[in-house]
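Undergrad: structure for the following, please:
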Amino acid sequence: MLCKRLYFCTLVLFFETLRYCEVLSLRAGFRHSTILDAHGKYRLRWTYDENTVTFEAEVETKGYIGFGLSPNGAMALSDIVIGGVEKGKPYLQDYFADSSRKVHRDVEQNYKLEYGMENHTHTVLAFSRDLHTCDKSDKDITENTVRVIWAYHNDDVGPSGPKYHGVNRGRKSLRLLNPTSTVSISSETPFFDLTNLNVPVPSKDTTYWCQLFRIPEVPRKHHIIRIKPLIQTGHENLVHHILLYQCDSKLNESELDFGHECYHPNMPDSFLTCETVIFAWAIGGEGLTYPQHVGLSIGTSIDPVYVLMEVHYDNPTIEQGVLDSSGLRLFYSPELRQYDAGVIETGIWVSLYHMLPPGLHEYTSEGHCTQECLQEALDHERPSGVRVFAVLLHSHLAGRAIRTRHFRDREELQPLAQDDEFDFNFQEFQYLQEERLLLPGDNLITECKYNTNGRSNMTWGGLSTRDEMCLSYLLYYPRINLARCESLPGITGQLKFIGVKEIQVPVMTWPFIIKSPRKYSNLTFTEAMDKFKWSKKRGKAFNEMVLQLPVNVRCSKWDQEEWSIQGVIVSPPEIKSEAAPRLTPCSTAPELQRGGAVLTALCFVFSVRTWISLWL
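TA: Residues are numbered from 1 along each chain as shown. Below is the predicted model:
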């Protein structure tokens with residue numbers, strides 16, 4: 001009898017130890033983490049493979065933990081999981097919220113409890129699910145931006161369901177499946193900071209602030225290997241994006257550390273020499289770590305000596321008396337990588353010629369990095385092509401989806417990058433799972449989808465967050481002399497759509513003035529566009545027309561120089577074939593899904609029988 005008890009206890013201890021080791025292994029395997037709340041009480045860790053994602057929530061509570069995936073950051077129509085640890089036993093339930101925000105228990109329980117632990121202050125809960133469950137109440141997890149919602153309560157879930165969480169809730173946008181760089185850098189890696197010092201942010205909704213800096217001198221070539229934002233605490237929503245430009249290497253030293261509002265008539269002339277983007281950061285991003293074989297070169301004759309840091313302040317509440325000291329930290333190393341990195345700005349050249357009619361649920365704009373521009377620049381600089389390793393997609397408040405489409409011989413390849421659930425408040429570099437070769441003769445289209453429903457006037461291309469942009473920044477190697485590869489839609493066709501017949505020449509003002517017909521006489525073209533009586537039908541027709549218009553090629557080098565194709569008017573490319581959308585497990589036929597389920601069940605039965613036979 002004693003032997004049997006000892007055997008049983010040993011077996012229990014063995015399985016407990018096995019389970020403990022399994023938990024330790026799972027906890028060590030989480031590759032990504034973030035703090036979801038402002039006070040550090042809700043930490044989320046996760047990891048994923050091609051089929052499954054596993055989360056761990058560590059929350060300062062002894063009650064329940066709530067976690068969800070939302071279509072827009074709100075509770076309605078969200079995919080939710082709630083769990084906790086009660087009397088030492090972990091529990092987990094799969095829920096969903098209807099359009100009225102009422103929470104229901106999901107008939108299909110697709111979240112799997114991995115483990116749960118609790119001490120006198122915190123609860124830890126780990127759970128997993130398939131990326132695609134084929135359950136209409138669940139949200140697919142893709143490479144798009146995901147609006148994560150979270151909540152917690154001091155009490156566990158009772159018989160009547162979870163109590164209302166009160167103020168212990170929030171949302172955060174993440175890219176759960178973004179293959180971010182896992183390369184770590186030593187804590188002893190040298191760095192330098194480019195930061196503003198107590199910039200008086202004007203009391204207006206949008207300000208672009210520029211300041212010149214000199215890159216620290218190094219005795220020989222070095223590589224910058226990581227760049228991270230330094231955002232002043234409390235200004236996370238004020239600092240919308242930061243661009244770093246390379247300037248003329250012969251600037252007057254007296255203008256260093258001098259800040260001024262960008263794009264202002266009184267700004268220093270030296271600012272105009274800063275044309276080439278060498279780094280871009282936008283709100284929500286965590287910075288950039290370069291791949292181990294790539295770095296941003298400093299210390300050679302063609303590398304930046306002076307840089308201009310452009311900070312976009314978004315101040316919609318018109319706060320007064322705000323001083324900001326945000327900027328960037330750049331880590332550098334004398335251990336050289338194999339390749340020098342470059343940045344190509346693609347999309348639509350920021351201009352009033354990029355216009356969106358009001359009142360539309362969807363409007364599509366296209367910015368072309370044309371075959372002609374890539375052919376000339378790559379043939380001259382790198383006939384064997386360059387490799388893109390990361391992309392930053394950029395738009396403003398009306399933006400809903402962006403993708404950078406890639407064509408070769410007029411046939412479409414898979415997009416370089418895309419985000420079908422774009423969030424203005426969360427923009428960061430997407431690392432490509434596989435580097436993409438860009439060849440002479442290829443062409444790119446940056447495609448942006450907007451929603452102007454609720455707006456009564458035209459939305460213009462411009463610098464304000466209430467204006468619009470459609471850009472993608474390509475990080476690539478090896479570096480070539482190409483800074484911008486963009487386009488502008490022709491203005492003549494756009495004006496013809498609303499009935500403009502003649503403009504006043506010579507053009508003396510901007511925006512230029514309309515001459516005829518009489519109803520638009522002496523109005524600027526922007527005033528004429530606003531005066532036109534837009535409707536959803538007319539807006540759709542205008543969109544279809546604009547996408548067919550010839551475009552003006554923008555193809556520029558460093559230091560304000562241009563390739564010869566700059567300014568040439570070309571037609572949009574004729575596309576022979578479009579890329580097929582990627583299939584998911586839910587895209588396959590129902591019969592195949594059922595067959596796969598049966599096969600999985602048979603494999604499970606076989607594995608259980610095998611396990612039992614081994615123990616007997």
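Undergrad: so where do the helices sit in this structure?
TA: Counting by DSSP state H, the chain has helices at residues 2-28, 371-381, 491-497, 525-531, 536-546, 590-615.
Undergrad: show me what counts as buried in the third one.
TA: If I follow you right, that is helix 491-497. Within helix 491-497, the residues that count as buried by 16 or more other C-beta atoms under 10 Å are 491, 494, 495, 497. All C-beta spots, glycine's among them, are computed from the backbone N, C-alpha and C.
Undergrad: what sits against the first one?
TA: Neighbour list for residue 491: 353, 525 [criterion: C-beta atoms under 8 Å, 6 or more residues apart in numbering].
Undergrad: neighbours around residue 571, how many?
TA: 11 (other C-beta atoms under 10 Å).
Undergrad: residue 504: which of the buried residues of helix 491-497 is nearest?
TA: residue 495 (12.7 Å; C-beta to C-beta).
Undergrad: separation between the closest residue to that closest one other than its chain neighbours and residue 551?
TA: Nearest non-adjacent residue to residue 495, counting by C-beta to C-beta, 6 or more residues apart in numbering: residue 525, 6.2 Å away. Counting by C-beta to C-beta, to the nearest Å, the gap from residue 525 to residue 551 is 18 Å.
Undergrad: these two touch, right, residue 314 and residue 205?
TA: Yes. Judged on C-beta atoms under 8 Å, residue 314 makes contact with residue 205 at a distance of 7.2 Å.
Undergrad: these two: who's more crowded?
TA: Counted by other C-beta under 10 Å, residue 314 and residue 205 do not tie: residue 314 has more neighbours, with 22 against 14.
Undergrad: so where do the strands sit in the stretch 401-550 of the chain?
TA: With strands called from DSSP state E, counting those that start in this stretch, the stretch 401-550 of the chain shows them at 411-412, 417-419, 430-438, 443-450, 459-460, 471-477, 484-489, 502-503, 514-516.
Undergrad: tally of neighbours for residue 84?
TA: 27.
Undergrad: what's the closest non-adjacent residue to it?
TA: In space, residue 84 is closest to residue 64, 4.2 Å off (C-beta to C-beta, 6+ apart).
Undergrad: from residue 115, how far out is that neighbour?
TA: 16 Å.
Undergrad: then residue 500?
TA: Counting by C-beta to C-beta - residue 500 and residue 115 are separated by 67 Å.
Undergrad: the more surrounded of these two?
TA: Higher neighbour count among residue 500 and residue 115: residue 500, with 22 against 17, using other C-beta under 10 Å.
Undergrad: residues contacting the closest residue to the more buried one other than its chain neighbours?
TA: Among residues not flanking residue 500 along the chain, residue 514 sits closest, at 5.7 Å (C-beta to C-beta, 6+ apart). Residues counted as contacts of residue 514 (C-beta under 8 Å, 6+ apart) are 495, 500, 502, 503, 504, 520, 521, 522, 523, 524, 525, 528.
Undergrad: so for the fifth one, what's the pLDDT?
TA: Read that as residue 504. Per-residue pLDDT puts residue 504 at 95.
Undergrad: that one contacts residue 516, correct?
TA: No. Using C-beta under 8 Å, residue 504 is not in contact with residue 516; the gap is 9.5 Å.
Undergrad: how close does residue 284 sit to residue 50?
TA: Distance from residue 284 to residue 50, by C-beta to C-beta: 26 Å.
Undergrad: could you do residue 363 as well?
TA: In terms of C-beta to C-beta, residue 363 sits 35 Å off from residue 50.
Undergrad: likewise for residue 319?
TA: 46 Å.
Undergrad: compare those two (neighbour count), which wins?
TA: Between residue 319 and residue 50, residue 319 has the larger neighbour count (other C-beta under 10 Å), namely 11 against 6.
Undergrad: could you tell me the end-to-end distance of stretch 247-258?
TA: Stretch 247-258 has its terminal residues 14 Å apart, counting by C-alpha to C-alpha, to the nearest Å.
Undergrad: in it, which residues are buried?
TA: By neighbour count on 16+ other C-beta under 10 Å, the buried set for stretch 247-258 is 247, 248, 251, 255.
Undergrad: thought residue 307 was touching the third one, still the case?
TA: No. Proximity of residue 251 to residue 307 does not meet the contact threshold set by C-beta under 8 Å, at 10.3 Å.
Undergrad: joint contacts of the two?
TA: If you check residue 251 and residue 307 against C-beta under 8 Å, 6+ apart, the residues they both contact are residue 212.
Undergrad: low-confidence ranges, the stretch 251-400 of the chain, go.
TA: Counting by pLDDT under 70, the stretch 251-400 of the chain contains low-confidence residues at 257.
Undergrad: which non-adjacent residue is nearest residue 319?
TA: residue 203 (6.7 Å).
Undergrad: for that neighbour, give me the pLDDT.
TA: Residue 203 is given a pLDDT of 89.
Undergrad: surely it touches residue 318?
TA: Yes. Using C-beta under 8 Å, residue 203 is in contact with residue 318, at 5.1 Å.
Undergrad: ok, those two, which is more surrounded?
TA: For residue 203 versus residue 318, the count of surrounding residues by other C-beta under 10 Å is larger for residue 203: 13 against 9.
Undergrad: quick one: that one and residue 378, what's the gap?
TA: Distance from residue 203 to residue 378, by C-beta to C-beta: 46 Å.
Undergrad: show me where pLDDT drops low in the stretch 1-150 of the chain?
TA: 1-28.
Undergrad: what do you get for the stretch 501-616 of the chain?
TA: 588-616.
Undergrad: can you rerun that using 50?
TA: By pLDDT under 50, the low-scoring segments of the stretch 501-616 of the chain are 589, 591-616.
Undergrad: before we move on, the earlier item: now do the shared contacts for residue 314 and residue 205.
TA: With C-beta under 8 Å, 6+ apart as the test, residue 314 and residue 205 both reach residue 465.
Undergrad: contact partners for the residue nearest to residue 495?
TA: Contacts of residue 525 by C-beta under 8 Å, 6+ apart are 352, 491, 495, 500, 503, 511, 512, 513, 514.
Undergrad: my guess is the fourth one meets residue 527, correct?
TA: The one in question is residue 500. No. Residue 500 is not in contact with residue 527 according to C-beta under 8 Å; the separation is 11.5 Å.
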